[in-house]
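In: Sequence first, then the predicted structure, then my questions.
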Amino acid sequence: MKYIPKYLYTLIMCAAILSSCVDKQDFDQLDNLNVTPTAEASILYVETPERIINQVSGTNFYSQTFNFDAFSEEFFADNVLDGVVTYEVENTTSKPLDITFEFLDDAGNSLDSENFTVNAAPTAILRREIAYGPAGRSLDIIRNTSAIRVSATNLGDNTSVSTLPNPTVYLRSSAKFRIGLK
Amino acid sequence: MIRNLVLFITLIAGYMTIHAQNKEVLYDFIEIPQALMVNPGMNTIYNWYAGVPLISGIYVQGATSGLTVNDIFAADGLDINQKVRDRALNSLSKRDEVNGIFQVDILNGGFRGQKDPANFFSFGMYVEGYALNYWPKDLAILAYEGNADRLGQRFDLNDLNTSGQFINVLHFGINRQIKNNLTLGARIKLYSGIVDFNSTNNSGYFETTVGQNNLLRNTLVSDMRLRSSGLDALLDANDNGGGIGSLLTKRGLFGGDPGLGFDVGVTYNLNKQTVITGSLLDIGLLYHTSDVTNYTLEGSASIEGVEIILPDALSDPNADFWEDLVNEIEELIPFEENSKNYVTFRPIKFYSSIRYNFGKQGEPTAACDCDNQTDSGDRSLYYLNSVGGQLYAINRPRGPQFAVTAFYQRRFAKVLALKATYTVDKFTASNIGLGMSLQAGPVNLYIMGDNLLAYGNIADGNYASFQLGLNIISWERN
């Protein structure tokens, strides 16, 4: 029995220590958590050698519509917040060119277009960034895009040949969009 | 609900992992029969014992490294986005983890051999569940910030390392005093896997670089797999509005995935007052054969968007370049499903200790002749005090984890034994634990917890475990 006071003391100490506390936690903060990654990837690349341009009679040497469903995928279309489409045109041919990118909807209607007029080589690479979202053009353009049309017009002749090696016109594009996961 | 729970565990816990699972307070606490479960070679001092069904051993534990609940959810007025960025994304490494486990004894009992009292047999059944996830650092950055403006940065797919298991274990052990100063023990375990999922040993990367043709090139090299068994049936049962209980019972009672395992342990008395012990637990495996669903993502691909190179592209005026690109990617990196059986190994755990007994010699805690011979076996109970150290290790997917413990144990006659521990491991360097074994006649009650300093604000603790149980013990030897 002489141990009983010790037992009581020990048990009280244990109980005191084991009485856990928790500082105030605010789990509602989760509502304010924003998970908005920014993803970027290339969209379209078109490469046309000068000899192809010379082989085509008339000025409109190239026009093609490409199916492009990346933007209209449900997950992307529902969650995209804003972004930028970057275009780059490099011309090493001997001809001035007029190139147009168009975003088309399911019915083939043009939602947006971007036109580039480039001089004959030697000329600088033309680079342009188009913003979509609150600070730019409507995001509905992106959400409803299901095809891209590229048209190119030769503003020069069909006989000249560039003195540069492997003369070609390059069309490059990429997209960088912020997506709201939460 | 279960689907949401699984999603919650996977995403919000974000990086749950199991098997800190160090029962440092229970280990070598020989007044408590359940200590046999962590060292089958422990010196046994009972004639028989019977755990009260369902409450003879209840153990829960959670641990995090690098981050606490309080770090993110404290009501401190700070922006949660900044806290996540500073305290998780920019601070945690792929070796950081969270773990949680529960273990509940369904049955647990033991008895001394009638023909040969040197033998002590134990048996029982328990259920155990855990989930684990290392912090998927690169994938978290990719999900939170994306790949933009990160040219050349490789996001390592190996960062995804997660697993969880819910099993039922039937066990039978024998403990034998071989010599005056040596006791050995072994236990066989029959596992019945109820639910298992794991995605470990993934490899590969995702990278964005400057393109060769186009502006950007995205490259994915992947060798990833997610394996599961029992999960689909559980989710289906939940969706169908019932049958979960019967499903768990059926799979738990050897209608699930079979497995076999062993525990071994030893106690050796260096002299009358110094004892060393050691044990290896869960040397075993499960063979997952029922309701198996596996997903794989294997292959490699680099893309630069839709590429049109004239004049080749003019050869097929009806070509759908987008679909061709999608199909090409799916061929190069197929996402596939199969139901191949698979094997998982249990995480082997290792305990060892050295204990020095001292203090005024008293009568044994129990009125038993604990040894067959007059000067043999563990005479710890003849001493009021024990002090010593313990080493714990467990094999983990990213290498073994260790914990070092110093302990002091105090006995108060036949009624009460207390054990205090101080443990250092990857989760905390200030883990103080306390355990108590209270003997009231044949009734034994034990309760223990650790990292008690964190109980002042448990949300800010990196580690906590709690264990209790109730047994009926006969100390009298026939």
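Out: Done, it's in.

In: Quick check: the residue of the stretch 251-400 of chain B nearest chain A.
Out: B:Gly305 (3.3 Å; CB to the nearest CB). (Each C-beta comes from the backbone N, C-alpha and C, glycine too.)

In: For the nearest residue to that residue once chain neighbours are set aside, grab the count of nearby residues.
Out: Computed as CB to CB, 6 or more residues apart in numbering or on different chains, the closest residue to B:Gly305 that is not its neighbour in sequence is A:Ser42, at 3.3 Å. By other CB atoms under 10 Å in any protein chain shown, the residues close to A:Ser42 number 23.

In: tell me which element A:Ser42 is part of?
Out: If you go by DSSP states H and E, A:Ser42 is part of strand A:38-49.

In: List the pairing partners of that strand within its sheet, with orientation.
Out: strand A:168-179 (antiparallel), strand B:306-309 (parallel) (DSSP bridges).

In: What helices and strands are in contact with the longest helix along chain B?
Out: Ordering each helix of chain B by length in residues (DSSP state H) puts helix B:321-332 first. Packing contacts for helix B:321-332, counted by 3 or more CB pairs under 8 Å, 6 or more residues apart in numbering or on different chains; DSSP states H and E, involve strand A:60-67, strand B:292-303, strand B:306-309.

In: That one vs strand B:292-303, what angle?
Out: 130 degrees (axes from the mean of the first three to the mean of the last three CA atoms, to 10 degrees).

In: Please identify the helix or strand for residue 76.
Out: The chain I'm using is chain A. helix A:74-79.

In: Next one: that helix, is it in contact with chain B?
Out: No: if you take CB under 8 Å from any CB of the partner chain as the test, helix A:74-79 misses chain B, and the best it gets is 12.2 Å.

In: Which residues outside that helix are in contact with it?
Out: A:Ala70, A:Phe71, A:Ile142, A:Arg143, A:Asn144, A:Phe177, A:Ile179, A:Gly180, A:Leu181 (CB atoms under 8 Å, 6 or more residues apart in numbering or on different chains).

In: Setting aside sequence neighbours, what's the nearest residue to the last one?
Out: Same thing as A:Leu181. A:Val35 (4.2 Å).

In: and if you look at the fifth one?
Out: Distance criterion CB to CB, 6+ apart; nearest residue to A:Asn144, sequence neighbours excluded, is A:Asp105 at 4.7 Å.

In: ok, the one you found - how many residues close by?
Out: Around A:Asp105 there are 16 other residues, counting by other CB under 10 Å.

In: My read is that it contacts A:Leu111, right?
Out: Yes: at 5.6 Å, A:Asp105 and A:Leu111 qualify as touching, with contact defined as CB atoms under 8 Å.

In: Report the set of residues contacting both of those two.
Out: A:Asn144, A:Thr145.

In: now the chain, which segments are flagged as low pLDDT?
Out: This is for chain A. Scanning chain A with the threshold set as pLDDT under 70 gives A:1-22.

In: was after chain B, sorry
Out: In chain B (pLDDT under 70), the answer is B:1-20, B:242, B:361-381, B:476-478.

In: Quick check: B:Leu248 is in a helix.
Out: Yes: residue state for B:Leu248 (DSSP: H, G, I helix; E, B strand; the rest coil) corresponds to a helix.

In: Put together TSV for the strands paired with strand A:38-49, with distance to A:Glu129 and mean neighbour count on each row.
Out: Below are those laid out as TSV (distance: least, CB to CB, whole Å; neighbours: other CB atoms under 10 Å in any protein chain shown):
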stretch	distance to A:Glu129	mean neighbour count
strand A:168-179	9	22
strand B:306-309	20	19
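
In: List the buried residues of stretch B:257-269.
Out: Within stretch B:257-269, the residues scored as buried using 16 or more other CB atoms under 10 Å in any protein chain shown are B:Asp257, B:Pro258, B:Gly259, B:Gly261, B:Phe262, B:Asp263, B:Val264, B:Gly265, B:Val266, B:Thr267, B:Tyr268, B:Asn269.

In: can you redo those residues as JSON lines with distance to B:Leu216 and secondary structure?
Out: Shown next, in JSON lines, are the buried residues of stretch B:257-269 (distance: CB to CB, whole Å; DSSP: H, G, I helix; E, B strand; the rest coil):
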{"residue": "B:Asp257", "distance to B:Leu216": "45", "secondary structure": "strand"}
{"residue": "B:Pro258", "distance to B:Leu216": "50", "secondary structure": "strand"}
{"residue": "B:Gly259", "distance to B:Leu216": "48", "secondary structure": "strand"}
{"residue": "B:Gly261", "distance to B:Leu216": "50", "secondary structure": "strand"}
{"residue": "B:Phe262", "distance to B:Leu216": "54", "secondary structure": "strand"}
{"residue": "B:Asp263", "distance to B:Leu216": "55", "secondary structure": "strand"}
{"residue": "B:Val264", "distance to B:Leu216": "57", "secondary structure": "strand"}
{"residue": "B:Gly265", "distance to B:Leu216": "59", "secondary structure": "strand"}
{"residue": "B:Val266", "distance to B:Leu216": "61", "secondary structure": "strand"}
{"residue": "B:Thr267", "distance to B:Leu216": "64", "secondary structure": "strand"}
{"residue": "B:Tyr268", "distance to B:Leu216": "65", "secondary structure": "strand"}
{"residue": "B:Asn269", "distance to B:Leu216": "70", "secondary structure": "strand"}
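
In: Tell me which two of those residues sit farthest apart.
Out: Maximum pairwise distance in the buried residues of stretch B:257-269, criterion CB to CB, is 40.8 Å, between B:Asp257 and B:Asn269.

In: which residue ranges form the helices in the stretch 101-250 of chain B?
Out: Taking DSSP state H, counting those that start in this stretch to define them, one finds helices in the stretch 101-250 of chain B at B:137-145, B:231-239, B:244-250.

In: So for chain A, which of the ones you listed sits nearest?
Out: helix B:137-145 (5.5 Å).

In: Contacts for that closest one, please.
Out: Outside helix B:137-145, the residues that reach it (CB under 8 Å, 6+ apart) are A:35, A:37-38, A:181, B:14, B:84-85, B:88-89, B:92-94, B:154-157, B:159-160, B:206.

In: I'd like the C-alpha coordinates of it written as CSV, please.
Out: The C-alpha trace of helix B:137-145 is given here as CSV (Å, rounded to 0.1, in the frame of the first residue of the first chain):
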residue,chain,number,x,y,z
LYS,B,137,8.2,16.1,-55.1
ASP,B,138,8.6,16.4,-58.8
LEU,B,139,5.1,15.4,-59.6
ALA,B,140,3.8,17.8,-57.0
ILE,B,141,5.7,20.6,-58.6
LEU,B,142,4.4,19.6,-62.0
ALA,B,143,0.9,19.5,-60.8
TYR,B,144,1.1,22.7,-58.8
GLU,B,145,3.2,24.8,-61.1
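
In: That helix: how far from the chain's middle?
Out: 26 Å (CA atoms, centre = their mean, to the nearest Å).

In: if we can go back for a sec, just the helices and strands packed on helix B:321-332: most buried one?
Out: Of all the helices and strands packed on helix B:321-332, strand B:306-309 carries the top mean neighbour count, a mean of 19, counting by mean count of other CB atoms under 10 Å in any protein chain shown.

In: ok now that one, how far from the chain's centre?
Out: On CA atoms, centre = their mean, the centre of strand B:306-309 falls 51 Å from that of its chain.

In: Kindly report the same for stretch B:334-347.
Out: For stretch B:334-347, the distance to the chain centre is 20 Å (CA atoms, centre = their mean).

In: for stretch B:345-364, same thing?
Out: Averaging C-alpha positions (CA atoms, centre = their mean) puts stretch B:345-364 22 Å from its chain's average.
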